[in-house]
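Undergrad: What follows is a predicted protein model with its sequence.
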Amino acid sequence: MDELYLDNIDEYVNDHNKIVTYKWLSLTLGVHVNTAKQMLFHYLDHKRKESSAPLHATYLVTGKWVENGNTSHKVTVVREEQLEDVKSKMSLTVSVHVYSVQKASLKDSGPLYSVDYDAVKDNLNSCSRYSAIKCADAVPFAPGDTRPAGDSLQFPPPDPNQIRAPSFDGPGNQTTSKPAAKPQPKGIMGMFASKAAPKKQEPGKEIKVEQKEDTTTADVSKSKSASKSSTMSNFFGSQATKRAEKTVKEEETSSSSVKDKSESSPPAKKLKETPNEEKVKETQPKEVKVKETQPKEEKVKETQPKEEKVKETQPKEAKVKVTKEAKVKEAKPNARSKSKRKEPSDSEEDKMETKKRRRIKKPQSDSSDDDDVIPDSPKQQEMRKPPPTPERLLKEKIVSQPNECKRRKRRRVMKSRTFMDEEGCIVTEKGYESESYSDSEDHVPSAKASNVPARAATGKREDEKKSKKKISPPANKGTKQASIMGFFQKK
Amino acid sequence: MLNISLLILNFTMKIKRYLYIYSLTTSCKFYRLSIAQDLNFGQVVADILCEFLEVAIHLILYVREVYPSGIFQKKKKYNVPVQMSCHPELNQYIQDTLQCVKPLIEKNDAEKVAVVIMDKEHHPVERFVFEISQPPLLSISSDTLLSHVEQLLRAFILKISVCDAVLNSNPPGCSFTVLVHTREAATRNMEKVQVIKDFPWIVADEQEVHMPEPRLIPLKTMTSEIVKMQLYVEERAQKT
């Protein structure tokens, strides 16, 4: 390959003042990620020799990390200044490569995520086409097939004998592991260990800085870890295409997917994890070949690098594993990884819930947001009123409520009756009659309305009241004759 | 007793629902836009811009180290992590500032919003200028408009994060202020209408505005259907 890429990178870094990550570079230039990493390394080397404008770089370091007696596999993005420090602290450095090159010295890792976000979004369906992680068995789901990520694929129940078998078949297992495409990592000459020019087309992965006892295991684990990081970054951008990811070891996929969910904020590139233990759990109910499925925790730690690649696993149901593990181990790391397992599924569920909730709420909020808001507040005010003595007020409220709707009461009303007296004269009398009414009607029923029913009702009472009442002045509302009193009675 | 507890539960549920819907609407204004009811587009655009300006101001304070980085916390905006301050008074100040700027943006009176970083003697050292202009006829036509705008704003955020590559470092003990350059005489109305109580806006002093021999460094430009924005930095040739 010619030197054009150096100019390209130079343009991006110096002229556009961009942060050039290896993933962004690979997607932009359309090259394999490993090629991109080597390009960046070359560029950095070249520029440092020229000693032109100061460049800053970040590195991705993966390896074994011992903290408080717990060993974990750590994948971290570090600044150049911290690189040596971190490398020396790792008990076993599995891979180191350039993560990004930029002019500015970054204060935090946020922009590193932003840089890749748009690039991955644009290439959502094929963001892993230049990835080093491949698996022939991984097939993307059909578009209509939307199973939640936690679904278990069909697995034969684990053979209890196999689970309990403490013996660990070390190097022998590696033969069973068959990373499909890229795997046999030949270590490329490291950036730091030697000055040999890296061969660009080598399918191999990362740099082996230190001597390892078990080179093949280290190599394979290296490849896995390196690819895992790119898988994880892929995941950050595209959760939807999770299934479409091809992985060398599907355990990596599942572990990194688990990782992804457990870290809700994408840019957390610093991962203190126990992927190996998880992988052990995942691959547990396995295909036949693998023998040691549940070595003891101590052994797990020791033989971590060995176990890693062994399984070509299919993505596992976290819950299935957890229940099975319960039988096997009660060791702390086990519990830890269990909780980690539950975490992602929980957060997943939460996400699904919030997503569902969001979907439901959105149209509601869109259409009737204002309406919802306004009627809610007066109701709340109403509700706020009975604070200190809720009982009493509650009773009052309950009592008052039926009253408000339809209160039928009887009350005494002044009405005038017209009747025929014994002499054959028509007499009009005013008297109090009780009458039932409700709030919805007029408070003082008009005389017109009342006269008609009054006559019917009082027909029987004529005789009782006739003699006692005086004849009132003709205050007939019923007739059309206007009178002075008519002015006052209608209220 | 059961009645009371049910009542209180009902009450709290309603509050929660109300709050939830409210928070949804403030964060998902993007989605509300696509359903064109009688929404005031000017208001919506002003909301979007003010949200962006808030994030941008926080980020500028973080990147230029105006305040110690301990008060900042990573939060998510436009699907990427941004650093926002947790200090309540600082946040309140920035929010009040933008509350007052919002009506100006709505009417398209705000020409420039400048975040000025000043040294101990209150002479400006650096100015981050956001030039904003809106097309006269606002119309929200396409569905992808908002995700497009989000992408552009994300690019702005990214550019601010790496701006210290092109800028000299500031002297210690800097403070900041926000200046708004308005078109014509819109500020006359502002003085009459005090938007927020006890938060008066005053005409800036000449010494706060004038920067001797400024060096212009453009950072980012964006053009979209709803707004055109340009961000550049003017910095003083000699900072210390």
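TA: Yes, it's here. Predicted model, so just to flag it, every value in this text is computed and none were measured.
Undergrad: tell me the strands in the stretch 51-200 of chain A, going along the chain?
TA: Secondary structure of the stretch 51-200 of chain A (DSSP state E, counting those that start in this stretch): strands located at A:56-67, A:70-79, A:92-102.
Undergrad: export those strands to TSV and tack on mean neighbour count and mean pLDDT?
TA: C-beta: built from backbone N, CA, C; applies to glycine. Compiled in TSV, those are given as follows (neighbours: other C-beta atoms under 10 Å in any protein chain shown; pLDDT from 0 to 100):
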stretch	mean neighbour count	mean pLDDT
strand A:56-67	20	89
strand A:70-79	20	89
strand A:92-102	25	90
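Undergrad: Can you say which of the ones you listed is nearest to chain B?
TA: Of all the strands of the stretch 51-200 of chain A, it is strand A:92-102 that lies closest to chain B, at 6.4 Å by C-beta to the nearest C-beta.
Undergrad: near chain B at all, the closest one?
TA: Yes: Strand A:92-102 reaches chain B (C-beta under 8 Å from any C-beta of the partner chain) through residue A:102.
Undergrad: and that strand, which strands flank it?
TA: Sheet pairing of strand A:92-102 (DSSP bridges) gives strand A:20-21 (antiparallel), strand A:56-67 (antiparallel).
Undergrad: Tell me the residue of the stretch 101-250 of chain A that sits nearest chain B?
TA: At 3.4 Å from chain B, residue A:104 is the closest residue in the stretch 101-250 of chain A, using C-beta to the nearest C-beta.
Undergrad: Where do the helices of chain B begin and end?
TA: Secondary structure of chain B (DSSP state H): helices located at B:2-27, B:29-34, B:41-63, B:88-106, B:145-161, B:186-192, B:206-209.
Undergrad: Let me know how buried residue A:115 is, in neighbour terms.
TA: Using other C-beta atoms under 10 Å in any protein chain shown, residue A:115 is surrounded by 22 other residues.
Undergrad: mind listing what it touches?
TA: A:18-19, A:21, A:24, A:100, B:158 (C-beta atoms under 8 Å, 6 or more residues apart in numbering or on different chains).
Undergrad: Which residue, neighbours along the chain excluded, lies closest to it?
TA: Leaving out its chain neighbours, the residue that sits closest to residue A:115 by C-beta to C-beta, 6 or more residues apart in numbering or on different chains is residue A:19, at 4.8 Å.
Undergrad: Contacts only, for the one you found.
TA: So residue A:19 contacts A:100-102, A:104, A:106, A:111-112, A:115, B:158, B:162 (C-beta under 8 Å, 6+ apart).
Undergrad: my guess is the residue of the stretch 101-250 of chain A closest to chain B contacts residue A:56, does it?
TA: Yes: if you go by C-beta atoms under 8 Å, residue A:104 and residue A:56 touch, sitting 6.9 Å apart.
Undergrad: if we can go back for a sec, output the contacts of residue A:19 as a markdown table; include the columns distance to residue B:68.
TA: Shown next, in a markdown table, are the contacts of residue A:19 (distance: C-beta to C-beta, whole Å):
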| residue | distance to residue B:68 |
| --- | --- |
| A:100 | 26 |
| A:101 | 28 |
| A:102 | 24 |
| A:104 | 19 |
| A:106 | 17 |
| A:111 | 20 |
| A:112 | 22 |
| A:115 | 26 |
| B:158 | 23 |
| B:162 | 21 |
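Undergrad: how about those, which pair is most distant?
TA: A:101 and B:158 (15.5 Å; C-beta to C-beta).
Undergrad: first vs last residue of stretch B:209-229, how far apart are they?
TA: End-to-end distance for stretch B:209-229: 21 Å, by C-alpha to C-alpha, to the nearest Å.
Undergrad: Counting neighbours, which bits of it end up buried?
TA: Using 16 or more other C-beta atoms under 10 Å in any protein chain shown as the test for burial, stretch B:209-229 gives B:211, B:219-220, B:222, B:224-227, B:229.
Undergrad: For stretch A:54-63, output the C-alpha coordinates as PDB.
TA: In PDB, the C-alpha atoms belonging to stretch A:54-63 read as follows (Å, rounded to 0.1, in the frame of the first residue of the first chain):
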ATOM      1  CA  PRO A  54       2.400  18.100  18.900                       C
ATOM      2  CA  LEU A  55       0.100  15.100  18.600                       C
ATOM      3  CA  HIS A  56      -1.700  13.300  21.200                       C
ATOM      4  CA  ALA A  57      -2.700   9.700  21.100                       C
ATOM      5  CA  THR A  58      -4.700   7.300  23.100                       C
ATOM      6  CA  TYR A  59      -4.100   3.600  23.300                       C
ATOM      7  CA  LEU A  60      -6.300   0.600  24.000                       C
ATOM      8  CA  VAL A  61      -4.700  -1.700  26.500                       C
ATOM      9  CA  THR A  62      -6.100  -5.100  27.400                       C
ATOM     10  CA  GLY A  63      -4.700  -7.600  29.800                       C
END
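Undergrad: Run through chain B and note the low-pLDDT ranges.
TA: Judged by pLDDT under 70, chain B has its weakly predicted residues at B:1-39, B:138-143, B:186-198, B:240.
Undergrad: ok, so what distance separates the residue nearest the centre of chain B from residue A:7?
TA: In chain B, the centroid-proximal residue (C-alpha atoms, centre = their mean) is residue B:53; its distance is 1.6 Å. Going from residue B:53 to residue A:7 by C-beta to C-beta, to the nearest Å gives 37 Å.
Undergrad: sorry, back to before: the strands of the stretch 51-200 of chain A: which one's closest to residue B:76?
TA: Of the strands of the stretch 51-200 of chain A, nearest to residue B:76 by C-beta to C-beta is strand A:70-79, at 18.9 Å.
Undergrad: Is any residue of the closest one near chain B?
TA: No: on the criterion C-beta under 8 Å from any C-beta, strand A:70-79 is out of touch with chain B, staying 13.6 Å away.
Undergrad: Name every strand pairing with that strand and say which way it goes.
TA: Short version: by DSSP bridges, strand A:70-79 pairs with strand A:56-67 (antiparallel), strand A:271-273 (antiparallel).
Undergrad: Can you add distance to residue B:90 and give the ones you listed back as JSON lines?
TA: What follows is the strands paired with strand A:70-79, written out as JSON lines (distance: least, C-beta to C-beta, whole Å):
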{"stretch": "strand A:56-67", "distance to residue B:90": "29"}
{"stretch": "strand A:271-273", "distance to residue B:90": "32"}
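Undergrad: ok, and the closest non-adjacent residue to whichever residue of chain B sits closest to chain A?
TA: Of all residues in chain B, the one sitting closest to chain A is residue B:165 (3.4 Å; C-beta to the nearest C-beta). Counting by C-beta to C-beta, 6+ apart, residue A:104 is the residue found nearest to residue B:165 once chain neighbours are left out, at 3.4 Å.
Undergrad: Just give the number of residues close to that neighbour.
TA: The burial count for residue A:104: 20, using other C-beta under 10 Å.
Undergrad: Over to the one 4 residues further on?
TA: Per other C-beta under 10 Å, the neighbour tally for residue A:108 reads 16.
Undergrad: Could you list the buried residues of stretch A:114-127?
TA: Residues of stretch A:114-127 classed as buried by neighbour count (16+ other C-beta under 10 Å): A:114-120, A:123, A:127.
Undergrad: OK, contacts around residue B:211?
TA: Taking C-beta under 8 Å, 6+ apart as the criterion, residue B:211 is in contact with B:123-124, B:127, B:234, B:236.
Undergrad: can you pick the most crowded of these?
TA: residue B:124 (23 neighbours).
Undergrad: can I assume that one is in contact with residue B:114?
TA: No: judged on C-beta under 8 Å, residue B:124 makes no contact with residue B:114 at a distance of 9.1 Å.
Undergrad: what is in contact with the two at once?
TA: In contact with both residue B:124 and residue B:114: no residue, using C-beta under 8 Å, 6+ apart.
Undergrad: How about residue A:97: what's its closest non-neighbour residue?
TA: Nearest residue to residue A:97 in three dimensions, chain neighbours excluded: residue A:37, at 4.8 Å (C-beta to C-beta, 6+ apart).
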